[in-house]
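Peer 1: sequence below, structure please.
(chains A, B and C)
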Amino acid sequence: MATEDVRYRQSSQYRLWSFSPSKLASMRETTNALARASISERMLASNSLPASNNPSAPTSGVNTPEPDGATPTPTPTLPEFLTPAEELMLVTLYTSELLRAGEHMGLTDEITSTAAALFRRFYITNSIMTYPPKDMIVVSLFFGCKAEGTFPSVDHFVKALHKKGPEEILAGEFLLCQSVRFALDVKHPFRALKGATMELRRYGDIEQSRIEEAERHAREILRFSPHMTDAYFHYTPSQIMLAALSLADRGLAERLIQATFHYVAPSTSNDSDTPMANSDVGTKEARREAKAGEDQAAIIGSYVRDKVLGTIEACRDMLSKELPDRKDHWSSIAVFKVQFRPTTRKLTKCHDPDRWDLVALQRRRREQVMDKADSEDGDPEARAGTGTAAKATVDSDAAVFGGALEPRDNKRRKVLDDPFGGPL
Amino acid sequence: MSRKPIANARGPASGSTTSAALPGLSSDDMCPVCKTIRYLNKDMEFLIHPDCYHFMCSNCVNRIFNDGPNQCPYAGCHRTLRRKGFRTPFFGDLTVEREVDIRRRVAAVFNQHEEDFRTLRDYNNYLGMVEDLTFELVSGTDAQRSSAEAQLQQWEAEHKADIERNRKAGREADEASRRRIAAERDAARQRRIDAIKEAEEEKLERARTREAELDTLASAPEGQRPGGGVQLKRRVQVNRAVEAAAAATTNAAGVPGGGVAGAQPPMITKLSIQGLKEKRKPPAPEGPYDPFGGMDFVPSRYKLHDGLVHPDVDKYRFDLAHATGGYSFDDYRARAMFEAFAGLGVFIEDEKEVGSGLSASEVAAMSAGIAAVGDKMELD
Amino acid sequence: MTASPFAVDALRQASGAAPSSTGNGNISSSSSTQRPGPGSATLDLVEQMNEDEKKKYVKGKKLGEGTYANVYLGHARHDPSLLVAIKKIKVQKEYRDGMAPDAVRELTHLQELRHPNIISLLSAFSSKDQNLNLVLEFLPLGDLEMLIRDVDRVRYGAPDIKAWMGMLTRAVWFCHDNYVLHRDIKPNNLLIAADGEVKLADFGLARGFADPGQRMTANVITRWYRPPELLYGARHYSGAVDVWSVGTVFAELIIRTPYLPGDNDIEMVRLISRAIGTPTEDNWPGVTKLREYTIPIEVTPVADKATYMNRFGSVGPEGVDLLMRTLILDPRKRITAREMLEHKWWRTDPRPSRKEDLPRKSGGEEKVAADLKRRPGVVDEEGKAKVARKLDFGGALGGGK
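Peer 2: Okay, the predicted model is just below:
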């Protein structure tokens, strides 16, 4: 087994975040279906209660009327949900926004690319109807820095992206981390590109400027195109890199691949030249076997080479659909109005009433925790004895002293001060 | 231990064909050599020599053999004995003593265990053979005895290594079980201590929470919830598998299977053991120490040549900060090259589609093909 | 984490039984709708996956507690004999920028590094209170520091040292081979498994190798084990920093006391000068230009082999040779982890002890918990005067780490 591939297969990118196209599609469909089901439920649930009694139905930043909630219609109609295709389109749209934001902030290619990869991974396991993409862009960029070993201050981000406050960024951080199954090391093709050009330079018979031009061009592609497609899920970084290089300068890419998978057929004349050719039968047998083995290897070798070529070609096709010249398309207002706005409008009506506001969601979750007397997790069964007793005390105290909104903050602070620690 | 003789039947204990009944120590009042009686020497001790199992008092032993080897004083026994061969017998009946000694010797040589044999029948046959040999040694005629003795010697000489191995294995097994028992005892003790400690802590904790609750109830401002930070201990049954069990396992080593072949002098019939399991190789003498533990990575698709340069990289080469701090450009180069080629032969569409595309073995075969190819090619 | 098409399984599960009750009170769903009863809790795919992951492990008794994390003993639900350590990361008050760097780093790197001498990350999930829980393999026999310091009851010799050094070196080599710097190597972070294998733990300060031009922080590695280039504030460095740490651990294994226990950076430089040699332009070109270089008061020449043999001779001349190479002042000349493994010391007598034969000590549970829960970069010195300062991780964007 090729040693490089063995190593690559150890990576979390391969193990957890590489899929065949059909599998990826089915995952997206399932996420979509799940989201529809749960959002429907929540909407229906919130319908059954008057709006005032339901503090946990926040409205999103985009002002929209409560979806079918306020008016007590006998048969509440559910909004129209996004289809998986529409979801994917929006994810791509927002990915381009993310890339732009990263560039605007002056983040490195690695950081921006990691953020884009995390963003796209996020929206495999989550639906864009559940969690707001605009917020997740910021979270991804912030967390992308961390994943790449740079730990920025959240204030810096707040300032650079004109956010209201740190909670908006921090609220979604853990969610993102969780959604990507804690696989934070994203492998990119940028260094691979450097390696490839180093190798090309070494051949010595290629013009320097040609290599430089190809690298520059390929790099431009790699910053944009793979993220605007599903390339990271279906191809390895080296394949993506070679595809980009191929788009930049087909000849160079092919030269590299040929050199790597070059197979020299053993010339049959060699055998007869050697003095061994005349020796006893045993050796001839051995040689015949060896030759058969070589032929076998040759067949397999060229088979793999062709397969690699085919894979890179396929990746190239994928990337060519979203070359950097498409940036304008994605950022154009005119295009937005025609192509995307209908869908984003749809989204405002069908998004998850509970989860859309990340900050509120976070706060609510924290409060859930503190309602439970036990901040530790453990076997629910084992909890029976002592847990309920303490809980009963707590509840009775609440009954006696009453609960108010304000003290909650005190409580939260108190818990944080508590040596036993508290929630995030 | 008292040296009172075990009163038992004098004369031949078993096997009426015993050549000579050994006089037992029951006549412990008198030393047959010097005729001293116990009355005269209260603490008279008797010693025997395993060559002939003739007993005599220690005074005689000293007297006769102190200056060197000498003939056994018993009439008709012409064996040359040495002082150091004498020892105190365990059994009063010297026939038993002799038999036990013989058995001990045989067992030291024939020390296979049941696990070494393929079937129970084979093991029983082996035991039977050993017993026959022993019987001959113990109760055979002179001729039988000497031939059996010769067989024993020969066997021992030929299978020294295996015998040693079995012996060691037996020792290790004992050692292991001893250690295991000690460890289990320790663990049990520790567990008991821990349990007591936890119980006490639990009590303290409960007292503390009660105190805390009382305090807060007495003094709590409105709305504050008491006991928010109290942590309650959780006792979950954790499987207390004793990991301290000693690691040593018995290495039941193999023995050359089948019979022993070869040309032999016709007088000694060859002993053979049937039905031994295939020889399990003893733990290989640890091979050359592999420094990388088998996990080294060697590039197969490229070579790290010296001439790998890149302007973006090289502009830092002369930056003192990089150089002095020890930054390694070689590492960077290696990494860039690795990433350029890693995963090139990984076909996700096939590998990540369960049940279709190439199977794992096919992929392996293909990649093996590449590796084979890789050797042949030389990057020019 | 398992590589199974886990997501797909969860998908099938969740989608198969449409709005299904989860029973164990999923917070978001059960609270968001104030309508009680079943059917209100369809979990997100990620929530479902998290629950599944969490359910795989049963958390047991607390092994230790600290400001950084709590550590619990646990076991796999399907196999109670498979013990795990569940490290629950706490919120740090001082760090107001979300998830702490330590947690992020551990997650990032442990997910990628699989090696017998590196602690295994089995899983990760979030608890109900949104805290990160890392499920690590359980290493019950304490850490190397315990063995080193217990001079009275623990005896070990050259073969044992060789075995431990072999394990440590392999771990470090593997990190470097995967382009990861550990940056916190010390006896505390070398945990011992039940079978005697030593494993490198605590990747809270780790990071990938930097690209040329990328600045890193010099404020890493616990002071006593920190190499001179970091003490002089170098922002561009390599695996040589880890190798130096390995060297100091090597020395400590031999003399059974920390080799260079300085109270602050200045004293560290002084100790290094005296014990190993003063860095000069001769033995380390360019050193005087490093950011925090200070002109030494006295200049000691680099110690020769005889000096080392005097103090460390118990590992033999080849062992001393290896030790000296790890403590070369100029990081460019210092031996690399790979070269360490190729050194002839491993092949000379005595052979390294087999791991079953290595000395061990009981009572490791508490110590391991202490190690796992400790903040990286801090020396644990109960009852001793020397206390290493806590490291400061502050750094705005662009400052680089």
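Peer 1: where does residue B:193 land on pLDDT?
Peer 2: With respect to pLDDT, residue B:193 has a value of 78.
Peer 1: could you give the mean pLDDT of the helix or strand containing residue C:104?
Peer 2: Per DSSP states H and E, residue C:104 falls inside helix C:101-110. Average pLDDT, helix C:101-110: 92.
Peer 1: and the strands in the stretch 251-380 of chain B, which stretches?
Peer 2: For the stretch 251-380 of chain B, applying DSSP state E, counting those that start in this stretch gives no strands.
Peer 1: so where is it shaky, pLDDT-wise?
Peer 2: Along the stretch 251-380 of chain B, the parts satisfying pLDDT under 70 run over B:251-270, B:275-289, B:353-380.
Peer 1: now the helices: where do they sit in the stretch 1-150 of chain A?
Peer 2: A:3-9, A:12-17, A:21-47, A:84-104, A:109-125, A:133-147 (DSSP state H, counting those that start in this stretch).
Peer 1: quick one on the thing from earlier: so is the helix holding residue C:104 next to chain B?
Peer 2: No. Using Cβ under 8 Å from any Cβ of the partner chain, helix C:101-110 stays clear of chain B, coming no nearer than 15.2 Å. The way it works is simple: take the backbone N, C-alpha and C, and place the C-beta from them, glycine included.
Peer 1: other SSEs contacting that helix?
Peer 2: helix A:133-147, strand C:121-126, strand C:132-137 (3 or more Cβ pairs under 8 Å, 6 or more residues apart in numbering or on different chains; DSSP states H and E).
Peer 1: would you mind getting the angle between that helix and helix A:133-147?
Peer 2: For helix C:101-110 against helix A:133-147, the angle by axes from the mean of the first three to the mean of the last three Cα atoms, to 10 degrees is 80 degrees.
Peer 1: could you list the alpha-carbon positions for helix C:101-110 in CSV?
Peer 2: Provided in CSV are the C-alpha atoms of helix C:101-110 (Å, rounded to 0.1, in the frame of the first residue of the first chain):
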residue,chain,number,x,y,z
PRO,C,101,-7.2,27.0,23.5
ASP,C,102,-6.2,23.9,25.4
ALA,C,103,-9.4,22.1,24.7
VAL,C,104,-9.3,23.1,21.0
ARG,C,105,-5.7,22.0,20.7
GLU,C,106,-6.3,18.7,22.4
LEU,C,107,-9.2,18.0,20.1
THR,C,108,-7.5,19.0,17.0
HIS,C,109,-4.3,17.0,17.5
LEU,C,110,-5.4,13.9,19.4
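Peer 1: now the angle from it to strand C:132-137?
Peer 2: On the basis of the same axes, to 10 degrees, helix C:101-110 is oriented at 40 degrees to strand C:132-137.
Peer 1: let me see the ranges of the helices in the stretch 151-300 of chain A.
Peer 2: A:154-160, A:166-170, A:173-179, A:190-203, A:208-224, A:231-234, A:237-248, A:250-260, A:268-273, A:281-320.
Peer 1: what's around the closest residue to residue C:154 other than its chain neighbours, how many residues?
Peer 2: Setting aside the residues directly before and after it, residue C:154 is nearest to residue C:147 in space (Cβ to Cβ, 6 or more residues apart in numbering or on different chains), at 5.0 Å. Residues lying near residue C:147 (other Cβ atoms under 10 Å in any protein chain shown) number 27.
Peer 1: tell me how the chain divides into domains.
Peer 2: Just going to use chain A. When chain A is parsed with automatic domain parsing, its domains come out as A:13-40+A:82-179, A:190-269+A:279-322, A:358-417.
Peer 1: ah, no, chain B please
Peer 2: B:1-94, B:110-158, B:186-272.
Peer 1: then chain C?
Peer 2: Using automatic domain parsing, chain C is parsed into the domains C:42-137, C:144-357.
Peer 1: quick one: the helices in chain C?
Peer 2: Secondary structure of chain C (DSSP state H): helices located at C:6-16, C:27-32, C:45-55, C:101-110, C:144-149, C:158-177, C:228-231, C:240-255, C:265-275, C:305-312, C:316-326, C:337-341, C:364-373.
Peer 1: quick one: contacts for the residue nearest the centre of chain A?
Peer 2: In chain A, the centroid-proximal residue (Cα atoms, centre = their mean) is residue A:121; its distance is 2.3 Å. The neighbours of residue A:121, taking Cβ atoms under 8 Å, 6 or more residues apart in numbering or on different chains as the test, are A:17, A:179, A:180, A:183.
Peer 1: residues in contact with the closest residue to chain B within the stretch 301-401 of chain C?
Peer 2: Shortest the stretch 301-401 of chain C-to-chain B distance, computed as Cβ to the nearest Cβ: residue-wise this is residue C:331, at 2.6 Å. Applying Cβ under 8 Å, 6+ apart, we find residue C:331 in contact with B:325, B:326, C:227, C:229, C:237, C:238, C:240, C:241, C:244.
Peer 1: which residue packs closest to residue C:332, ignoring adjacent ones?
Peer 2: residue B:326 (5.4 Å).
Peer 1: identify the residue nearest residue B:60 in space, chain neighbours excluded?
Peer 2: In space, residue B:60 is closest to residue B:33, 4.5 Å off (Cβ to Cβ, 6+ apart).
Peer 1: checking that neighbour next. Helix, strand or coil?
Peer 2: coil (DSSP: H, G, I helix; E, B strand; the rest coil).
Peer 1: what's the neighbour count on residue C:209?
Peer 2: The local packing of residue C:209 (other Cβ under 10 Å) involves 21 other residues.
Peer 1: do residue A:182 as well
Peer 2: Applying other Cβ under 10 Å, we find 25 residues neighbouring residue A:182.
Peer 1: so it sits right up against residue C:110, yeah?
Peer 2: No. Using Cβ atoms under 8 Å, residue A:182 is not in contact with residue C:110; the gap is 9.5 Å.
Peer 1: how about the spatially closest residue to residue C:103 that is not a sequence neighbour, what does it touch?
Peer 2: Closest residue in space to residue C:103, ignoring its immediate chain neighbours: residue C:89 at 4.7 Å, by Cβ to Cβ, 6+ apart. When contacts are counted by Cβ under 8 Å, 6+ apart, residue C:89 touches C:68, C:69, C:100, C:102, C:103, C:131, C:132, C:133, C:134.
Peer 1: surely the fourth one meets residue C:206?
Peer 2: No. In terms of Cβ under 8 Å, residue C:102 does not count as a neighbour of residue C:206; the distance is 9.5 Å.
Peer 1: could I have stretch C:249-265 exported to CSV, CA atoms only?
Peer 2: Output of stretch C:249-265 as CSV, limited to C-alpha atoms (Å, rounded to 0.1, in the frame of the first residue of the first chain):
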residue,chain,number,x,y,z
VAL,C,249,13.6,14.4,31.0
PHE,C,250,16.3,12.0,30.1
ALA,C,251,18.6,13.7,32.6
GLU,C,252,16.0,13.7,35.2
LEU,C,253,15.4,10.0,34.8
ILE,C,254,19.0,9.4,35.5
ILE,C,255,19.6,11.7,38.4
ARG,C,256,16.1,11.5,39.8
THR,C,257,15.7,15.1,40.4
PRO,C,258,14.9,17.9,37.9
TYR,C,259,18.0,18.8,36.0
LEU,C,260,17.5,22.5,35.5
PRO,C,261,15.0,23.8,38.1
GLY,C,262,15.0,27.5,37.6
ASP,C,263,12.5,29.9,39.3
ASN,C,264,12.4,32.3,36.4
ASP,C,265,13.7,32.7,32.9
